[in-house]
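[1] need a 3D model of the following:
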Amino acid sequence: MSDHKYDNEVQADNKFGHTLELLARHMPEDAAGGVHLDIACGFGHIAEPLVDAHGVHYVGIDVDEAGLADLRARGLEGHAADLSTDDATDALLKILDGRRLVSVTFLDGLEHLTDGSHALAAVGQLVSQERAVAVFSVPNVTHVDVAIKNLLGQWTYTEAGLLDATHYQLWSAGSLEAALRRAGLQKVDTYDVELARSDQHFPTDHVGLSESTTIGEWVRSVRRRADPHAITNQFVWAVTSVPPRSDSTDVRQVSDTFLSVIMRTQGRRPQELREALLCLAGQSNEDFEVVLVAHKTSLEEQKTVEQVIADQPPGLRSRIRLLLLDHGRRSSPLNLALAEARGRYVGIFDDDDIVMGHWVESFAAAERQTPGRILRGVTLRQDVAVAHVRALPGVRAVSSPDSIYTQDFSLTEHLAANQSPPIGWVFPRSLYLDFGIKFEESMTTTEDWEFLLRAAEIAGVADIPRVLAIYHIWRDRESSRTLHPQDEWLQNQQEIERRIDSQPFLLPAGETRKLRRELLRLRALETQTAQQQRTLAQRDRRIAQLEDRVKGLRERQAKVRGQLQRERRRRARLARQARRAGPAPATSTPVLGGLRRRLRLRTRAKALLGRAS
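    Numbering: from 1, shown residues only. Sure thing, here's the model as predicted:
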């Protein structure tokens, strides 16, 4: 090994090891004796492992003579060639000189070219002609370390690494894939090199780069949702040949359509579907498309849905696209439609709800005022049941529309309970395309609530002070097929709460005022409750004292009663003795005096007994 900055060893967990693994998966069975072209070969560290594993003839190509000299000293073939010009294909064909090509590698070379299109086109042409496999590796400039520092205005070139000072082109997953498609190449397998801490993870005390800080954790959570390459250090992709597409681009085109209306149906409520489409046919603003997903329908149900579409007015029928999906849960049709939607905004309109004729118009007007925000109108709730007319099922209202949902959106209030049925709001498709936010398919209910919380955190919500829709709640036995057990709702709600609590959460401006107000109200209630508890405790102590006093008085009463009973018995005995003795003689005055004393004692005992009771 030399001191050259690109003279790195082959390791199982670096780009060389991953490249060798991809080649082992996709190398032709008859590769032995064929040529492997290693473009931007450097010091050709994969040469010997390739030759030993597949029996290929290794040919290295580079512009750096130091690496080529090292190759030749090891008895390997090396050629100097500049592939940044439009004769790159001819240069490679000249090097091959008619020999059979079986594989190509182009590792960390594209980023060093001022224009990599010629080299890509050359590889695409050779891979197509020879039906060879190629492996590319490119540093990922969208690594979360680079993203955080760039967000904070920091861009630090280094001698080597993600921001190597000699890099002329910087690549993301999307831009690399688009460039490959233009060259007639398509990714067929990946084995990326991932590093949670890249070479750009410096300085070590950077608060934004720390995984334990609030800002670091929040940015990482947003970045992870956007695409799967937050910690990808190098893209390592195996590619094969496909017809080139000159119109391929990694820049998303802005849609001319305002709203994509997603509708889910199972074809079992055709009358409700007809009524829902009738609402759309009567819209005052027709700048929308309908993506109708038939989910787990039988052939007969599918035909029913197709007939309902065929019966629509031509202007609406031409804007309806029917998609079929035979698997997944409630959210699966939504995510399928999201991937196929073309509008700038997306709304969910289930086939059993009702929207007003100004539904689209109101959202479109709000977009002009607050583009990029979630747009939310007033939704009424109404209880409905199944009704039959001429043996055909329909919808019968069993209550008047009721305004039970908050008209002003509050994200903090929505953390506790959902106040926004999906029919009442639409969201920018950018949340799906650019932030990777989609509906959680593991949930069987409340998927719209979970989506709204994550989406509102990023985009915010603009309120529209108009009634736009009626959300139907089914209340009879026949329609109970649409209901879910209470335990199921509770489990999904607990899952939402767990997800919210698992990472930092961003609140929009103004929400902290609501939180302060609620916290102050809660503290006032806690203070009042504490005072009431102290008062109750004092009362409890007074009651205990009174109970002790009553107990003492009762004990005293029992004692006096005992004395009185004894005195009564004694008086009765004396009275019997007096009757037996007859009239008392004049000399019996002491005896009478004793009786009087006993009578006075009896009177006093009665008085004590009265006070005790």
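[2] secondary structure class of the spatially closest residue to residue 218 that is not a sequence neighbour, three-state.
    Closest residue to residue 218 apart from its sequence neighbours, by C-beta to C-beta, 6 or more residues apart in numbering: residue 504 at 4.0 Å. Placement of C-beta: from N, CA and C, glycine included. Classification of residue 504 by DSSP: H, G, I helix; E, B strand; the rest coil places it in coil.
[3] for residue 504, give me its contacts.
    214, 217, 218, 221 (C-beta atoms under 8 Å, 6 or more residues apart in numbering).
[4] please narrow the residues you listed to those residing in strands.
    If you go by DSSP state E, the contacts of residue 504 have nothing in strands.
[5] which ones among those map onto helices?
    Applying DSSP state H to these, the entries found in helices are 214, 217, 218, 221.
[6] what about the residue nearest to residue 218, distance to residue 561?
    Going from residue 504 to residue 561 by C-beta to C-beta, to the nearest Å gives 75 Å.
[7] closest to residue 83 out of the contacts of residue 504?
    Set against residue 83, the nearest of these by C-beta to C-beta is residue 221 (40.4 Å).
[8] hang on, the earlier thing: mind checking which of the ones in helices among the contacts of residue 504 are buried?
    residue 221 (16 or more other C-beta atoms under 10 Å).
[9] which one of the ones in helices among the contacts of residue 504 is nearest to residue 88?
    The closest of the ones in helices among the contacts of residue 504, once distances to residue 88 are taken by C-beta to C-beta, is residue 221, at 42.3 Å.
[10] ok, now which ones touch the closest one?
    So residue 221 contacts 503, 504 (C-beta under 8 Å, 6+ apart).
[11] mind running it again at 10 Å?
    230, 454, 457, 502, 503, 504, 505, 506 (C-beta atoms under 10 Å, 6 or more residues apart in numbering).
[12] okay if I get the residues you listed as JSON lines plus pLDDT and distance to residue 355?
    Formatted as JSON lines, these follow (pLDDT from 0 to 100; distance: C-beta to C-beta, whole Å):
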{"residue": "230", "pLDDT": "97", "distance to residue 355": "38"}
{"residue": "454", "pLDDT": "95", "distance to residue 355": "24"}
{"residue": "457", "pLDDT": "95", "distance to residue 355": "26"}
{"residue": "502", "pLDDT": "88", "distance to residue 355": "35"}
{"residue": "503", "pLDDT": "87", "distance to residue 355": "34"}
{"residue": "504", "pLDDT": "91", "distance to residue 355": "36"}
{"residue": "505", "pLDDT": "91", "distance to residue 355": "31"}
{"residue": "506", "pLDDT": "91", "distance to residue 355": "30"}
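[13] of all the residues you listed, which two lie farthest apart?
    The widest separation within those (C-beta to C-beta) is 18.8 Å, between 230 and 505.
[14] who has more neighbours, the two?
    residue 230 (21 against 16; other C-beta atoms under 10 Å).
[15] name the SS class of that one, please.
    coil.
[16] so who does the residue nearest to residue 388 when sequence neighbours are not counted touch?
    Leaving aside its chain neighbours, residue 388 sits nearest to residue 394 (7.1 Å; criterion: C-beta to C-beta, 6+ apart). By C-beta under 10 Å, 6+ apart, the residues touching residue 394 are 269, 270, 271, 272, 274, 275, 384, 385, 386, 387, 388.
[17] and the residue nearest to residue 108 when sequence neighbours are not counted, how many neighbours does it have?
    For residue 108, ignoring the flanking residues on the chain, the nearest one in space by C-beta to C-beta, 6+ apart is residue 137 at 5.5 Å. For residue 137, the number of neighbouring residues by other C-beta under 10 Å comes to 25.
[18] with the one 5 residues further on instead?
    When counting by other C-beta under 10 Å, one arrives at 20 neighbours for residue 142.
[19] make sure residue 408 is indeed in a helix.
    No: per three-state DSSP, residue 408 lies outside any helix segment and is coil.
[20] let's verify the residue nearest to it when sequence neighbours are not counted: helix, strand, or coil?
    Spatial nearest neighbour of residue 408, chain neighbours left out: residue 463 (5.7 Å); criterion: C-beta to C-beta, 6+ apart. Here residue 463 is recorded as strand under three-state DSSP.
[21] hmm, residue 463 is touching residue 407, no?
    Yes: look at residue 463 against residue 407 with C-beta atoms under 10 Å: they come within range, at 7.0 Å.
[22] who has more neighbours, these two?
    The neighbour count for residue 463 versus residue 407, taken as other C-beta under 10 Å, is higher for residue 463 (18 against 15).
[23] distance of the more buried one relative to residue 373?
    Distance, residue 463 to residue 373, by C-beta to C-beta: 10 Å.
[24] need the contacts of residue 504 in a markdown table with pLDDT, can you?
    Converted to a markdown table, those look like this (pLDDT from 0 to 100):
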| residue | pLDDT |
| --- | --- |
| 214 | 94 |
| 217 | 94 |
| 218 | 94 |
| 221 | 93 |
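[25] my guess is residue 357 contacts residue 279. True?
    Yes: counting by C-beta under 10 Å, residue 357 does reach residue 279; the two are 7.6 Å apart.
[26] which one of those two has more residues nearby?
    residue 279 (17 against 14).
[27] which secondary structure element contains that one?
    Per DSSP states H and E: residue 279 is located in helix 270-281.
[28] how about residue 578?
    If you go by DSSP H and E, residue 578 is part of helix 511-581.
[29] figure out how far that helix is from the centre of its chain.
    59 Å (C-alpha atoms, centre = their mean, to the nearest Å).
[30] remind me what it packs against, helices and strands.
    Applying 3 or more C-beta pairs under 10 Å, 6 or more residues apart in numbering; DSSP states H and E, one finds that helix 511-581 makes contact with helix 411-414, helix 589-612.
[31] which stretch in those has the least confidence?
    Lowest mean pLDDT within the helices and strands packed on helix 511-581: helix 589-612, a mean of 67.
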